[in-house]
Each structure stands twice: as C-alpha cells, then as structure tokens.
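Novice: let me see the structure of the following:
(4 chains)
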There are 2 protein chains.
Amino acid sequence: MTSIKDVANHAKVSIATVSRALNGASNVTEATRKRILAAAKELNYHPNAMARSLVEKKSRIFGYIISGLKKGAKHCIVQDTLVGIYEYASSIGYEILMFAVDSNLQRSKSYVDFANEHALAGVIIQGLRTDDQYYREMIDGRIPCVLIDLPADSSRIGSVSIDNAAAAKEATLHLLAHGHRNIAFMTGVDEASVSTERSLGYLAALQQFGLAIKPEYLLHGNFSEDDAYTAVKDFLPASPEVSAVFCASDLMALGVLRAAKELNIKVPQELAVIGFDDILLAAYADPPLTTVHQDFTDLGFEAARMLYNIIKGQDVPHTRTVPHTFIVRKSG
Amino acid sequence: MTSIKDVANHAKVSIATVSRALNGASNVTEATRKRILAAAKELNYHPNAMARSLVEKKSRIFGYIISGLKKGAKHCIVQDTLVGIYEYASSIGYEILMFAVDSNLQRSKSYVDFANEHALAGVIIQGLRTDDQYYREMIDGRIPCVLIDLPADSSRIGSVSIDNAAAAKEATLHLLAHGHRNIAFMTGVDEASVSTERSLGYLAALQQFGLAIKPEYLLHGNFSEDDAYTAVKDFLPASPEVSAVFCASDLMALGVLRAAKELNIKVPQELAVIGFDDILLAAYADPPLTTVHQDFTDLGFEAARMLYNIIKGQDVPHTRTVPHTFIVRKSG
DNA sequence: TTGTACGCGTTATCAT
DNA sequence: ATGATAACGCGTACAA
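Specialist: This next block holds a predicted model:
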C-alpha cells in the first residue's frame, strides 16, 4: 500500500506538508498543494484509516448497535434503517460497523467495549430495552449516542422516533370514529418505551371519547405474532362485545388475524384490526392491514445526521420526531 | 481508556510481557500470566483495535460489500445474509463493516480503496454484477474475497451459492410433471450469473422431456416486479397456449401474478406461476407462491466461514453449494 | 511556508 | 522468562 511517505517522496516534500495539503490546511502554497494532490492521485493514495484513528483517538466510523438481529425476521426493520444510516454516513465519508446484542451469541465483550476498542465516532442504538445491562454505561460514556425509539434522558445524547403516542391515538380515534366502543389494545413488551407511548395514545383517545378504561382489554403480545395469537384466542370468544383490536405492531396484528380466521370471526365486519409499523407483510395480509406507517429509512437517516451534529458540537435539538402516516387498508 | 501500559504498571511487568500473556504466548510463567490476566480484568482492559491493526497490517474486520441496498426493498436479503455473516464473524471475534455500491450515492472511493484503507481481513461480496467496474481489481487484489451468487473464476477466491441450475431444473420438472408443455421463463438481468444458471436449469428440464426450446418463451423481467408485469401483460394474451411461467425471482413472479389478475387469468387453474428465492412475501401472495427456497442466512454464514478458512490458509474447497428447498404452495 | 520529530497503542525482534 | 525498543502510518507541535 502506498503511504503518505510515498506521496511525500514523489512530490518532493515532507510528510507533514502532505498531511497538511490533504487535510486542507491553509498554510500550504497553492503550487505545492497542486503537486501533492497530483502525486496522491497518481499513486492512488488513500490514508490508512487505522493510523489516522490511532493518532486522532477517534475513528470515522459509526457503530450500529441493534437488538433483535435474528434469523427469519418477518420484517426488514434493520435493513431499512441501515439504508438510511448508510446514506447519511457515506455522504460524510463515514463507515458503519455492526454490533448485534443478544443474538444468543456468546460475545466476549459488550457493545461498550466494542465502541471503545474501535474508538467509534458515535453509535446509533436501536431495539434496545432500557433495562439492558450495558445501556447506562453506554449512554453515560464519552461516546456520542443516538437512540432510535428510546427517549433520551440526558441532554448529551440524541433520540429519534415517530410520535408514537400521537400515532396510536390517531389509530384509536379512527376506530372510535367508525363506531367501535369496545376496543382492545395489544401491547408489546413493557420495557420498550414505544409500548408505553402507544398505550398512552390509545388511552388518550378513549378518554377523549369519555370512555372508561377496561384493564381486561389490555392484551400482552410481546411484539410476537404467536403470543398475540395465543392472547386473543382466549380473549375474543370470552369478550364478544369487543369489536376492534388495536395492536402495537403489525406482527401482533398478523397473529390476531390468524386467530380470527380460526375462530371464524370475519375481519373487518365482525372485528376490526389495526396494526403498527407498516411492515412489508401488512399490505399483503388478508385482509390488508390498516396500520401506522413508519419510515425506518428516514429514522436511520435522521439518527445518523443527528449523531454527526452532536459529534461536531452543533447546537441542535437532541430529539427529533419523524413524520408517520396512518394508512387505511381493509382490516379496520 | 486503559492501555496495555496501565496493565503493565498494575501487574509490575513490561508491556511486552502483557502482550505475550494476553495473546497466549507460551513463554510466560503461569504465575505472571495469572497476575496479568487479573490486572487486565480489574482494569477492564481491551486492546485498541486500531493500534493492533496498524502493526499487524490487517484488521479483524470483514467487509460486507453489497450492491442494491436501497430504500423500500421488497425482500430482506441483505438483512438475512447479514445475520449469517454476523453470527460466524462474532464467533471468531471479528466485526462487520458495511459498504454499499451504486446506491446512487456519490462516494469518493471504491470498495477496493475501502478495503485497503481499513486493512480488511477479507470481504464478502453480494449482488455484484461481473461487469462491475471494480470487480476484477477487487478479486485480483491481495484481500481475500468470498462471493455470494457469483462463480469464483480463480482459485484464490471463494464462492458460495445454492445450485441454481439444479433448483431451476427441479422447478421446471415440477411443471412438466403436472402436464405443462408450454412453459415460459422469466429471466433476470443477463449480467447476473444466477440468471444464466437458472435459465440453464430451465432448458435442461425441457430437454429432458424432449421439448423444443422456443426463444419467444424467454421473457426479460430484470428481477423487477414492474418489468415482469409489463413483459407478461403483452405476452400472455398473445400466447394463450402458455400454461405456466417460471420466474427467476419471486419479485418477478409477483409481477406476473398481478398481470394475471388484471387479465382475469386464474392462477393456478389457467396459469401456473413459480418463483425463486422464497422471499417473505411469497407465502403471503395470493395465491401463495410455489418457489425455490434459498436460505440467505446460511449463505452468509458459509461465506463468512469460508472467508475465515481462506484467511487462515486452510486448504478447503473454495466453492460451496448450500442446500435449497423446492416449496410447493398454491400458485403452480 | 516547510521540515523534523514525537506520540498514538500495539506486536515483534532482539537482548538480557 | 522478561524487558527495552523498533516499527506500523498518520497528525501535529515546534523549529527553521
């Protein structure tokens, strides 16, 4: 590999001048800069990323830390988010280094160690639960973090998500506007903040209509298709007055759809079902799912952009709400 | 950050001894090794990846180079593959650095530069066309490569894929066994080797049945749902004798399904449709797609495993065929 | 404006 | 078995 030394020799200058010229320092004659740039191009010189990171004590790499990267996922959330992160990162010459937590792999190190070892410029964290074992250590550390779908509880770190509460309220209001009065809510895992937000939106809508909250209408699906299926399989026959189920994720809505089919309950005639996320399968479900669309690519892009701003010390808001869309299809 | 120096001071030895102890060199007293390990653990020491890579002239990072990472993909191929790569990589303490080509981003550098800058231990390449501008430079370079779905044309590089020809033949034979004699084939982009392989399998099956090859039955869908839709929209009405279409990808099969629905052609009664890949949507299509299942997570895992073997100089085959499954659903 | 020289944290070579 | 020290390629403080 050609190093800065080669360029220096070729351009008849010292390595210091090469470094200055290539990094846009002002104190370099235009003539020598030209010569150096030409030499660099001719030799196809590219700075060694490790050497640079070593001396700068910081790499030009973003870590993308995700929980729940596992085989056979029914949605492309990681991929879609990655597209957005990648797009922004590549626009500023940064790379993406992956880290998956809890993919039941035995890892010898935590993502905190991971981030430190590589002197990551910053990390984007997604899918983590606030009770994760390394969460606090990471966001209290010296490496800038942006969280996707987790609230930022410190001014030092960033957070991007859609307005989950508003979106959930919107969905519930849609059901209410269509005459439904006994609406069940299928929540995800309690430790995910989006679960809380979405249930808050659901409750707010009921309240707006002056409806009483029935605790027995709160179902637990753990963001899992199977768990949701199991939950409603017992619940629906026992609660015939329930005419709609709003699910905190499409996957759970799919589980509800399957249960309804087996119970011979027609959707949407006898039971309206609304999901959340608008995963790819939502539009292809039978019937197609009415749901809240969130654009994970936008989320990823905004997360990366915010991370870079934080790194550069820009004084920008550390919380960003990305627009969502309520999509009415056939299921409710 | 705690460095090797801190550990050395804490354990009252030189940094050289620490390095030896931590890297499992034999010439270290068991007593001092214990002391060093204890110190390392107490100080939560983790070697600086950049410093190590710099001196070793090779990082412990795999590059994952993909073409076609773009927003709104209808399949999770990248994500699924990543899961497999990640699983193997993390089992050997390696990380994954991403690189997307041609996502119409202006990148200042090629993936060859990318790989060199980071002194990648090796790269896994997916979705690239053999006529890609940097392809030869990359695989002729000094960095080990494993290709997914591209044939290896050199003994230095690896290649993993399913047996595309056999799978395509299997699918075509299925149609033939069900009495179809006028079977159209929707191919992908010609520069993708899987297109060639799959059309070869199609042709082999016809030949086995002593059927003539009709060039007009060869449709071009460019692996695109819309292109496939357009292609059959004209073709099907003009060729009523065609009773089956075998598509080189599920996405194209989805396009055919859409066209058939608009043309009021019943699938599978009047037209059998078979896809390829078994993307998530395949099972949810209407009717569910009969298709060839390929496990991208396996593909990724095997690619990473092979890459590591090549790096370690293991004398193993550089071509690996991962099993596929023919899945009969309702469409054909 | 340009060059010299040091340091980043590690591995490896050579003494001891 | 252990320690001192040279490299790895780069940025930068300081000297010229």
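Novice: can you give me phi and psi for the residue in the stretch 151-300 of chain A that DNA strand C sits nearest to?
Specialist: Proximity of the stretch 151-300 of chain A to DNA strand C (Cβ to the nearest atom of the strand) peaks at A:R156, 22.4 Å away. Bear in mind the C-beta positions are built from the backbone N, C-alpha and C, glycine included. Note on A:R156: its backbone torsions stand at phi -80, psi -20 [degrees, to the nearest 10].
Novice: helix, strand or coil: sort out A:L173 for me.
Specialist: helix (DSSP: H, G, I helix; E, B strand; the rest coil).
Novice: my guess is it contacts A:Q208, does it?
Specialist: Yes. Taking Cβ atoms under 8 Å as the definition, A:L173 is a contact partner of A:Q208 at 7.2 Å.
Novice: buried sites along the helix or strand containing A:D234?
Specialist: Secondary structure from DSSP states H and E places A:D234 in helix A:225-238. By neighbour count on 16 or more other Cβ atoms under 10 Å in any protein chain shown, the buried set for helix A:225-238 is A:225, A:227-233, A:235-236.
Novice: ditto for stretch A:262-277
Specialist: Neighbour count says stretch A:262-277 has A:265, A:267-268, A:271-277 buried, by 16+ other Cβ under 10 Å.
Novice: can you give me the helices in chain A?
Specialist: A:4-11, A:15-22, A:30-42, A:49-56, A:77-91, A:111-117, A:135-139, A:164-177, A:193-208, A:225-238, A:250-262, A:296-311 (DSSP state H).
Novice: where does the stretch 51-200 of chain A dip in pLDDT?
Specialist: Residue ranges of the stretch 51-200 of chain A with pLDDT under 70: A:103-108.
Novice: can we see that at 80?
Specialist: A:102-108 (pLDDT under 80).
Novice: around the residue in it positioned nearest to chain B, count how many other residues there are.
Specialist: For the stretch 51-200 of chain A, the residue closest to chain B is A:Q79, as judged by Cβ to the nearest Cβ, at 3.8 Å. Using other Cβ atoms under 10 Å in any protein chain shown, A:Q79 is surrounded by 25 other residues.
Novice: wait, what's in contact with it?
Specialist: B:69, B:73, B:76, B:78-79, B:82 (Cβ atoms under 8 Å, 6 or more residues apart in numbering or on different chains).
Novice: wait, doesn't A:A272 sit right on A:L175?
Specialist: Yes. Here A:A272 reaches A:L175: they are 5.9 Å apart, a contact under Cβ under 8 Å.
Novice: residues that sit against both of the two, list them.
Specialist: Here A:A272 and A:L175 have A:244, A:332 as joint contacts, going by Cβ under 8 Å, 6+ apart.
Novice: how close does A:G122 get to A:M306?
Specialist: According to Cβ to Cβ, to the nearest Å, A:G122 and A:M306 sit 9 Å apart.
Novice: picking up where we left off before, now, which of the buried residues of helix A:225-238 sits nearest chain B?
Specialist: A:E225 (12.5 Å).
Novice: what number of residues lie near the residue lying closest to the closest one once chain neighbours are set aside?
Specialist: The shortest distance from A:E225 to any non-neighbouring residue, by Cβ to Cβ, 6 or more residues apart in numbering or on different chains, is to A:G255 (4.1 Å). A:G255 has 25 neighbours, counted by other Cβ under 10 Å.
Novice: you'd agree A:G255 is up against A:D227?
Specialist: Yes. Counting by Cβ under 8 Å, A:G255 does reach A:D227; the two are 7.1 Å apart.
Novice: next up, the contacts around A:D163.
Specialist: Here A:D163 is in contact with A:321, A:324 (Cβ under 8 Å, 6+ apart).
Novice: who's in contact with A:R33?
Specialist: Neighbours of A:R33 in contact, by Cβ under 8 Å, 6+ apart: A:A21.
Novice: before we move on, what about the one 5 residues further on?
Specialist: Residues in contact with A:A38, defined by Cβ under 8 Å, 6+ apart, are A:A11.
Novice: how about A:K74?
Specialist: A:K74 neighbours (Cβ under 8 Å, 6+ apart): A:225, A:251, A:254, A:279, A:281, B:280.
Novice: now, among the residues you listed, which is nearest to DNA strand D?
Specialist: Looking across the contacts of A:K74 and measuring by Cβ to the nearest atom of the strand, the closest to DNA strand D is A:I279, at 42.7 Å.
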